[in-house]
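Novice: Following is a predicted model, sequence given first.
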There are 2 protein chains.
Amino acid sequence: MTTDEKPAVSRPVADALLDVLRAWDVRHIFTCPGSTEAAVLDALVVRDDLDLVLTTHEGVTVSIADGLSRATRGPSVAYLHANVGLTNGLSNLYAAQLAYSPVVVLNGLKASSIQAHGGFTTGRRMRDLVHQYVKSDWQSLTADAIGEDVNRAFRTAVTEPAGPVWVGLSQDLTEQETTATVPPVAGFRFDSRTAPSPAGLAEAARLLAEARRPVLVAGSELARVGAIDALVRLSEKLGVPVLHEDRRGLERPGFPTDHPHFHGQYTPQHPLVAEADLLVFLGARLFNEFETPRTPQLPPGVRVVHGHTDPQHVAAIHGVDVGLVGDQRLLVEALLDAVPPPTGPRPVPPYAPDPQPAPARAAAGGRLRAAEVVDVVTDALRGAALVGDATTAGGVLQQRAEQRGGDDYFVSTSGSLGWGMGAALGVKLGLPHRRVAAVLGDGVFQFGMPALWTAAQRRIPVTYVVLNNERYAAVGAALRRFGGQAVRRDRWPGTDIAGPNIADISSGFGVPGQRVDSLRDLRERLDAARAVEHPTLIEVMTATDEF
Amino acid sequence: MTTDEKPAVSRPVADALLDVLRAWDVRHIFTCPGSTEAAVLDALVVRDDLDLVLTTHEGVTVSIADGLSRATRGPSVAYLHANVGLTNGLSNLYAAQLAYSPVVVLNGLKASSIQAHGGFTTGRRMRDLVHQYVKSDWQSLTADAIGEDVNRAFRTAVTEPAGPVWVGLSQDLTEQETTATVPPVAGFRFDSRTAPSPAGLAEAARLLAEARRPVLVAGSELARVGAIDALVRLSEKLGVPVLHEDRRGLERPGFPTDHPHFHGQYTPQHPLVAEADLLVFLGARLFNEFETPRTPQLPPGVRVVHGHTDPQHVAAIHGVDVGLVGDQRLLVEALLDAVPPPTGPRPVPPYAPDPQPAPARAAAGGRLRAAEVVDVVTDALRGAALVGDATTAGGVLQQRAEQRGGDDYFVSTSGSLGWGMGAALGVKLGLPHRRVAAVLGDGVFQFGMPALWTAAQRRIPVTYVVLNNERYAAVGAALRRFGGQAVRRDRWPGTDIAGPNIADISSGFGVPGQRVDSLRDLRERLDAARAVEHPTLIEVMTATDEF
């Protein structure tokens, strides 16, 4: 049944709601339910067109939905319970927002009278909690309005720039019947992309044609909107090198790392950047700052073209010579048409990355270094879609991971630990024919553990790799940067999280875990995990002093 | 060093901040830190007057602080990291708020310039996130103001009615030096209790003296403010029976369950309530509604006296004959002085609880019933301080648990699952000479797991008992109440959370876990756990069909 059919008689509101989801091609409902969601759960009993995916913590509910949206580029549904469920999901909702994931958050609320009374698990300002993480927050006021409100939520979520939306659904309303019809959803599914202004495009094309040492910087948006192929052609037509955006802003790769024009990640110290006369940032952030920069993030005097789907990111911190707001695929394709090929040959220099020190091999009897572990992991997992959620190993992971396409590497710029454990499940649901693996830190693991329950229960064959350095190494690094008593006395409060046997914990959830401390064992386990049709976890013990 | 001494020279802001904590008698700082907290961690390196208690998830950071505040009746400190850490702690902050716990939340924020730029882990409306869960939210504007701002936060948190307070502390400010002095904290530590108006007290005393069948209803506030002894004397002087407040509002017991005047829990169907001509609610909620009531919650025509520290709870839903706002110990003591003893003997009838069905013994080969498990648990743990966090077994636990004093039983009315796992650790830190045990559900367990890390690392000897029915039984009960397709087809979506071996997961954290499925084994394990000086966990497999 679709919403196009107008029922002659009344039917459950919950059923009308589910029809809207189906009309938007939703197949999975992720939820960690409570009693307020009874009517919707009940309506699912007699339907086989929607798959209820149970989660045991709302952090997972949101991150698995986010992962699915990232992989499919379509909307997803996280159904959360009351105020406590919503707040438990917020840190991962922030991650979804930063990735422009159209996660529609349906939030079961207690009956209206209980809300007014300040009853059990109610909040007087529910919308304040979620407002800054969504494009729209609305609490349905009548039973008849719920179908329309949810349809509008989907429309808003997928309108570019896409993003999460929240709808509050009171229990007394979802338990009613309705005769209200929802307008045919097809009429709400239009292409909302916008193209940058022609004048701006012409100016950008002119600058590109005139520049002597231009550099293209490919941002995460290119992967999200399917603009990578166009950027490859643009780079090849112009003979211009391409960098990935700054690590702190990268959510997924915007250019193939195996393309000869690829030249690594943007940093202001990159030789091509330092010498450039024009930087063209496409779908990148300028910049997602981790701390107050100590050096200029743009070389002095360079000209800057910056395109982004989201106007808030253009001229957000740094001024631009040309700012282009709109869809990055339309933008890159328009540039491709507008720019003339170079008048003479302009060969791109071969990529010669800074010679990196070979990963330090652990001394005999010592523990593995993160870099050598990452080398083995990224080599063994070549061809897999990787989900990265490792705070201190994340940098080397991003450098070493093969990223041939926009779905090869997913990471969050939110700083929400544990995101990757649920997101990897959503990515696998969205990319069922690809191997999916998540690379995690041990601190991260403790934030995402309930994802193991859903992984095991649904037998979602994700390979989890946990680098266990038994430390909050990022905190240790911060203490080192601070350069105070901790450094002088070699004492590192707040960093030692040794203790858990992560492989055993995983096995306790039904996700077979193995602890390894040699590269050979790691490689063997990674290869063995490829063949199995259930989730597995490999815990790699790494050096505790790398900060 | 106390803040009374005025330093001649500048010193680290972080050190000034820690001095304020010490001046408020804080001994523990609970935190799950990130890089923004480096200066405070660094200042702790050279101090031995403050104990940094590391947690591995902010839900635990907040609940352990809340548990400590409940046990000590004093302020506590939860130091959270950035926006993601704050949101992870919100559901348990809601629990702290409902218990009037003066938890001072210090929230490390990124440097001011990064906040303005929308940088990594920043929020544009941080205060919106926390506003409805705290008495005050303030972000310090200068380095010199931090000591004063934190001092004011403590003052606000402990001012009755007490509650959580939030202070945002930007990294660039906490890393500075300051010459600012904080006024001597002693001048801020006054008794903020208020007594109800004399006219109201006199009217209440008159109604009590005139009533023929009065009933006292003891609320959680009596335990929090130390008014239980006074209520015992009032009950004995007047010869009046006493009930605990309605289960949904009870955070801790307001009257000894072993006192002959104790008559069980308030419900409108309770025979004493149904026959009463006067109900005197003291420090109770009227009511913390779980759903829209189907029957009147107050018998028609009964007169109602309601005292509470928090004015929002008096005449919140139901009107009162006499409302008394103020400290419940001052209130009960004033009533004790004002009421004359009864003119004739008024014996309180003996407590004859509704004959409860003996706990159904599991059939041979079947699984244990929750009630029989709770019987063994409450018997074996007699004398311990119990922390309850079991959604469906919570009702029977509250009925069966011995509650001789206000610190014998702690529960949250927040619906925030997992709260009890951290709270039990805080209760133990606050009551070091008592045995502390937490009774949990298996759904709850997955929300609180990181508490096991802190339990193990600090060797906090709490006994965790998990009733594992492998179900979200509350969801099943809601589907049963809804009475739709789930009932007709005997299908229960969203309820089956079977799979984890909770004992093994616990052991993986270093908290030795044992799974039992007989009452004899349960009893043996409970007795054995009494003797050990480290945390333990007992997983009891219970019937899956109890909803």
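Specialist: Here it is on my side, so go on. The model shown is predicted, which means the values in this text are computed figures rather than measured ones.
Novice: residues from the stretch 301-450 of chain A in reach of chain B?
Specialist: A:312, A:316-317, A:413-417, A:443, A:446-447, A:449-450 (Cβ under 8 Å from any Cβ of the partner chain). The C-beta positions use only the backbone N, C-alpha and C, and glycine is treated the same way.
Novice: Leaving out chain neighbours, which residue sits closest to the residue in the stretch 151-300 of chain A that chain B sits nearest to?
Specialist: Going by Cβ to the nearest Cβ, chain B is nearest to A:E289 of the stretch 151-300 of chain A, at 3.8 Å. Leaving aside its chain neighbours, A:E289 sits nearest to B:G119 (3.8 Å; criterion: Cβ to Cβ, 6 or more residues apart in numbering or on different chains).
Novice: So A:T391 belongs to a helix, correct?
Specialist: No - under DSSP: H, G, I helix; E, B strand; the rest coil, A:T391 sits outside any helix and is assigned coil.
Novice: dump the residue contacts of it.
Specialist: Applying Cβ atoms under 8 Å, 6 or more residues apart in numbering or on different chains, we find A:T391 in contact with A:417, A:441, A:443-444, A:472-474.
Novice: swap the cut-off to 6 Å and go again
Specialist: Going by Cβ atoms under 6 Å, 6 or more residues apart in numbering or on different chains, A:T391 touches A:441, A:474.
Novice: mind checking how far it is from B:L41?
Specialist: Going from A:T391 to B:L41 by Cβ to Cβ, to the nearest Å gives 16 Å.
Novice: Same check on A:Y100?
Specialist: Distance from A:Y100 to B:L41, by Cβ to Cβ: 35 Å.
Novice: So between those two, which is more surrounded?
Specialist: B:L41 (29 against 23; other Cβ atoms under 10 Å in any protein chain shown).
Novice: And stretch A:257-277, what's buried?
Specialist: Residues of stretch A:257-277 classed as buried: A:257, A:259, A:261-266, A:268, A:270, A:272-273, A:276 (neighbour count, 16 or more other Cβ atoms under 10 Å in any protein chain shown).
Novice: Now tabulate these in JSON lines and tack on secondary structure and pLDDT.
Specialist: Putting those into JSON lines (DSSP: H, G, I helix; E, B strand; the rest coil; pLDDT from 0 to 100) gives the following:
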{"residue": "A:T257", "secondary structure": "coil", "pLDDT": "97"}
{"residue": "A:H259", "secondary structure": "coil", "pLDDT": "97"}
{"residue": "A:H261", "secondary structure": "coil", "pLDDT": "97"}
{"residue": "A:F262", "secondary structure": "strand", "pLDDT": "97"}
{"residue": "A:H263", "secondary structure": "strand", "pLDDT": "97"}
{"residue": "A:G264", "secondary structure": "strand", "pLDDT": "96"}
{"residue": "A:Q265", "secondary structure": "strand", "pLDDT": "96"}
{"residue": "A:Y266", "secondary structure": "coil", "pLDDT": "98"}
{"residue": "A:P268", "secondary structure": "coil", "pLDDT": "97"}
{"residue": "A:H270", "secondary structure": "coil", "pLDDT": "96"}
{"residue": "A:L272", "secondary structure": "helix", "pLDDT": "96"}
{"residue": "A:V273", "secondary structure": "helix", "pLDDT": "98"}
{"residue": "A:A276", "secondary structure": "coil", "pLDDT": "97"}
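Novice: Can you name the two of those residues that sit furthest apart?
Specialist: Largest separation among the buried residues of stretch A:257-277 by Cβ to Cβ: A:H259 and A:P268, giving 22.8 Å.
Novice: All good on my end, thank you.
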